Structure formats: structure tokens, C-alpha cells
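*Asks:* no FASTA, just this:
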Ligand code: SR1
Ligand code: MG
């Protein structure tokens with residue numbers, strides 16, 4: 001019989017005490033449940049006397065955001081821990097340290113990042129992070145290159161991909177990102193003011209064709225071990241450090257999906273900024289930073305990925321002149337298309353973003369949704385013919401220039 005049971009605060013303390021060489025045997029530990037995500041319990045266990053703490057994350061057997069009617073496999077906790085271990089080995093300074101875990105209890109024990117801010121909240125609060133593009137571009141390039149057929153033994157990659165079959169979490173993405181927003185689905189979630197825009201999405205065949213092509217890539221292209229849910233709520237930041245958490249959606253998929261996720265969430269914050277900026281100068285300054293950061297994320301990813309390919313590529317045929325350029329062009333186009341899908345799902349799909357939903361001013365909130373949908377649709381429709389990240393920046397700026405005119 002399985003020993004699984006959702007942890008109480010006392011269970012979390014008892015488990016934390018069993019981690020070798022962390023807390024002193026006589027330490028008096030405190031514990032709080034701090035999980036604010038859609039799926040899991042998160043406990044922070046601390047020894048205030050010694051100023052030491054750790055995090056215990058436990059998967060629930062269902063989606064917390066919906067309830068027990070939406071069962072989810074506990075194996076996602078193992079997948080998350082193994083993905084974190086690979087990512088930490090490849091980018092130790094960009095991923096929290098893992099202290100332990102238990103597959104049956106569906107828990108992972110890891111470094112506490114209490115001194116950090118969740119990037120989504122940091123952006124909402126008006127902060128900018130000048131090292132972020134370099135850090136996340138390097139994280140994505142390194143973790144994806146070394147888990148792909150370009151950077152690892154191709155037979156080992158096949159065996160590794162078998163450890164990351166993640167059907168329940170992939171189905172969430174397949175439904176919530178690549179299907180529901182494009183039909184009148186029960187799980188959709190939007191305010192009535194946005195219904196006309198949602199209905200346009202349901203009837204837009206040109207859009208549906210591009211989404212079907214992107215969905216096919218998500219379903220079939222096992223290019224690299226993705227993080228799988230790389231939004232700004234999965235990234236902790238300080239002014240000079242970045243840590244990526246929460247890869248429970250990890251699976252072997254198309255490289256552009258992770259880069260697209262980061263860019264989509266920067267664009268969602270871009271669309272939201274009139275609701276958070278006190279005056280036009282601040283608005284322009286923040287939006288300029290967001291657009292520069294979008295360019296920087298792609299450019300740092302591309303630079304690092306090409307450098308790794310040239311120096312450490314394991315596939316002889318991939319050295320064929322011209323192949324790398326074609327490959328990078330495909331990744332750019334996928335990135336843009338996936339980013340568009342990820343923007344659209346956060347406006348009409350089940351799960352939204354605080355950047356937009358917590359804007360107090362109703363008109364600003366409505367405008368942010370309209371701007372985001374405008375950008376998202378453009379990205380999906382134009383992604384397949386794009387040749388530069390500068391086009392994304394132009395489309396976002398053009399959508400912002402229309403604000404007020406199309407609400
Ligand atoms: C039912 S889970 C909803 C969303 O939360 C996660 O962070 C993923 O983005 C997922 O799509
Ligand atoms: Mg998450």
C-alpha cells in the first residue's frame with residue numbers, strides 16, 4: 001500500500017528533520033504552507049535560531065486550482081525532481097539545490113529562496129532586472145542543448161526521454177493552450193467584457209490553422225527536455241541573480257516552447273503596464289525595458305545555443321554548412337508562435353496571470369486584455385513567416401500604439 005498522504009505542517013517538520021546534515025537534532029523548527037500555485041502544497045520549514053530553512057514541495061493527486069474532479073498523476077513530483085537535478089547539474093547558479101525527495105510521498109526537498117522575489121510580482125511592482133535576459137537565455141540554451149540530439153548521446157537521449165513521459169501535465173497544456181481558447185470550452189474563463197474577443201477567436205480559421213500546426217509540434221517534436229511551464233511565476237529573481245523552479249511540466253518537446261513561454265509572459269506584463277504605471281514616462285520606460293528584454297532573451301539564447309553547438313555538438317551531420325541557420329530560424333518561428341498561444345490562453349483560458357487580472361482600474365484591465373489578444377493573435381499568425389525577433393518587438397509596439405482606439 002502506498003504511504004502517500006498530503007502532509008500536515010507536523011509531517012513536513014518531521015520529514016525535514018530526517019534530511020541528513022541539515023537541521024541540528026535539537027532544533028525547534030517552524031513550518032508554514034506557502035503554496036500559491038495551481039497544483040501543489042509548498043511548505044517552508046525553518047530553524048529561526050540558526051537562520052536555516054528549506055522548502056518541501058508535495059504534489060497533490062488532483063489539480064488544486066479545480067479540485068478532486070481533476071485527478072493528476074503523482075509521478076509528476078519525480079519528473080519535477082529529476083528535471084531539477086538535470087537543470088541544476090547543467091546550470092548550478094540558475095537552479096535551486098535539491099536536498100532530497102520521495103517518489104511515493106511525491107515530495108521534493110530543496111533550497112529555500114526566501115530572499116528572492118517571484119518575477120511576476122517583481123514586474124507588477126515595477127522592478128526591472130538587468131541580468132535576467134542573459135541568465136534565462138543561458139539557462140534555456142544550456143538545458144535544451146545538452147538534453148537534445150545535438151548535445152548528448154542520441155541513444156542515451158532516447159532512454160532519458162522515456163523518464164519524462166508526462167501525459168497528465170502535457171494534457172493540461174494540450175487542452176488549456178492548444179484547444180480550449182479556440183472553442184466554447186467549459187474550462188474557459190473570461191469576463192463578459194471580453195466575450196466578443198473570445199468569440200472572434202472561436203471563428204478565426206486562419207488562427208486555428210496556425211494553432212493546429214503548433215499543437216502538432218507540441219505533440220510530436222521531442223527535441224529537448226523542456227522545463228514545460230517557464231512563465232514568470234516559475235522564476236525567482238533578485239537584482240543580480242535568477243533561479244528557475246517548478247519544472248513539473250517537463251517533457252521532451254519543441255525547443256521554442258520554453259523560449260516562447262518567457263517571451264509571452266513579458267508580453268503579458270507589457271500589455272498590463274498602463275494598469276501599473278503611474279504616468280506616461282514610467283509607462284514608456286517599463287515598456288522599453290520589457291521589449292529590450294524580449295530581444296535580449298532571444299539573442300542570449302541564440303548566442304549561447306550556437307556557441308554550444310559549435311564547441312560541443314555531438315552530431316556529425318549537424319555540422320553541415322547551412323543546417324544550423326535553418327535550425328535556428330525554425331526555433332525562432334516556433335518561439336513566436338508558441339508565445340502567441342501562451343498569451344491568448346492567459347486571457348480566455350482557465351488560468352490567468354496576476355499582471356492583468358489584479359489591475360484595479362476596470363478600463364485598464366479591459367484594455368490590457370485587448371492588447372494582449374491583439375499581440376497574441378499577431379504572433380500566432382505571423383510566426384511561421386518571421387525572420388527576426390525584432391518583428392515581435394514591432395508588433396507589440398504597434399498593438400500598444402492602438403490602445404484606446406480598439407476598446
Ligand atoms: C490546471 S493548471 C493551470 C496552469 O498552471 C500551470 O502553471 C500551467 O501553466 C497550467 O497550464
Ligand atoms: Mg508551476
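*Replies:* Right, received. Where do you want to start? The shown structure was predicted, so the numbers you read here are calculated from the model rather than taken from an experiment. Ligands and ions are numbered 1, 2, ... in the order given.
*Asks:* contacting residues for the residue most central in space within the chain?
*Replies:* Nearest to the geometric centre of the chain sits residue 230, at 1.5 Å (CA atoms, centre = their mean). By CB atoms under 8 Å, 6 or more residues apart in numbering, the contact list for residue 230 reads 140, 244, 258, 261, 262. Glycine gets a C-beta too; all of them are placed from N, C-alpha and C.
*Asks:* Run a quick check on residue 287 versus residue 269, I expect a contact.
*Replies:* No. Residue 287 lies out of contact with residue 269 (CB atoms under 8 Å); the separation is 9.3 Å.
*Asks:* So these two - more neighbours on which side?
*Replies:* More neighbours surround residue 269 than the other of residue 287 and residue 269, with 26 against 19 (other CB atoms under 10 Å).
*Asks:* What residues does the more buried one make contact with?
*Replies:* Going by CB under 8 Å, 6+ apart, residue 269 touches 120, 123, 124, 232, 290, 355.
*Asks:* measure the third one to residue 207 for me?
*Replies:* Translated: residue 124. Per CB to CB, to the nearest Å, residue 124 is found 29 Å from residue 207.
*Asks:* Skipping adjacent residues, who's closest to the residue in the stretch 101-250 of the chain positioned nearest to ligand 2 in space?
*Replies:* Closest to ligand 2 within the stretch 101-250 of the chain is residue 246: 3.9 Å, counting by CB to the ion. Nearest in space to residue 246, with sequence neighbours left out and distances taken as CB to CB, 6 or more residues apart in numbering, is residue 234 at 4.3 Å.
*Asks:* Tell me if I'm right that that neighbour and residue 226 touch.
*Replies:* No. Contact criterion CB under 8 Å: residue 234 and residue 226 do not qualify, at 11.9 Å.
*Asks:* Pick out whichever of those two has more residues nearby.
*Replies:* Neighbour comparison, residue 234 and residue 226: the larger count goes to residue 226, with 28 against 23 (by other CB under 10 Å).
*Asks:* Point out the residues in the chain that sit beside ligand 1.
*Replies:* 38, 39, 63, 65, 172, 173, 176, 229, 351 (CB under 6 Å from any ligand atom).
*Asks:* Of those residues, which pair is most distant in space?
*Replies:* Using CB to CB, the two most remote members of the residues of the chain next to ligand 1 are 65 and 173, lying 14.3 Å apart.
*Asks:* what about the helices in this structure?
*Replies:* In the chain, the helices defined using DSSP state H lie at 9-17, 75-90, 119-124, 132-145, 154-162, 167-176, 195-203, 205-220, 256-272, 280-312, 323-348, 354-357, 362-382, 389-401.
*Asks:* Need those helices in JSON lines (columns: mean pLDDT).
*Replies:* Putting these into JSON lines (pLDDT from 0 to 100) gives the following:
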{"stretch": "helix 9-17", "mean pLDDT": "98"}
{"stretch": "helix 75-90", "mean pLDDT": "98"}
{"stretch": "helix 119-124", "mean pLDDT": "98"}
{"stretch": "helix 132-145", "mean pLDDT": "99"}
{"stretch": "helix 154-162", "mean pLDDT": "98"}
{"stretch": "helix 167-176", "mean pLDDT": "97"}
{"stretch": "helix 195-203", "mean pLDDT": "98"}
{"stretch": "helix 205-220", "mean pLDDT": "99"}
{"stretch": "helix 256-272", "mean pLDDT": "99"}
{"stretch": "helix 280-312", "mean pLDDT": "98"}
{"stretch": "helix 323-348", "mean pLDDT": "98"}
{"stretch": "helix 354-357", "mean pLDDT": "98"}
{"stretch": "helix 362-382", "mean pLDDT": "98"}
{"stretch": "helix 389-401", "mean pLDDT": "98"}
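*Asks:* Mean neighbour count, those: which tops it?
*Replies:* Mean neighbours per residue, mean count of other CB atoms under 10 Å, is largest over those for helix 256-272, with a mean of 28.
*Asks:* what's the nearest residue to residue 165 if we skip its chain neighbours?
*Replies:* residue 251 is the one closest to residue 165 (CB to CB, 6+ apart), at 7.1 Å.
*Asks:* Spell out which residues sit in contact with the one you found, please.
*Replies:* 79, 164, 165, 166, 169, 170, 225, 226, 228.
*Asks:* hmm, try it at 10 Å
*Replies:* Neighbouring residues of residue 251 by CB atoms under 10 Å, 6 or more residues apart in numbering: 79, 83, 161, 164-167, 169-170, 173, 218, 222, 225-228, 257.
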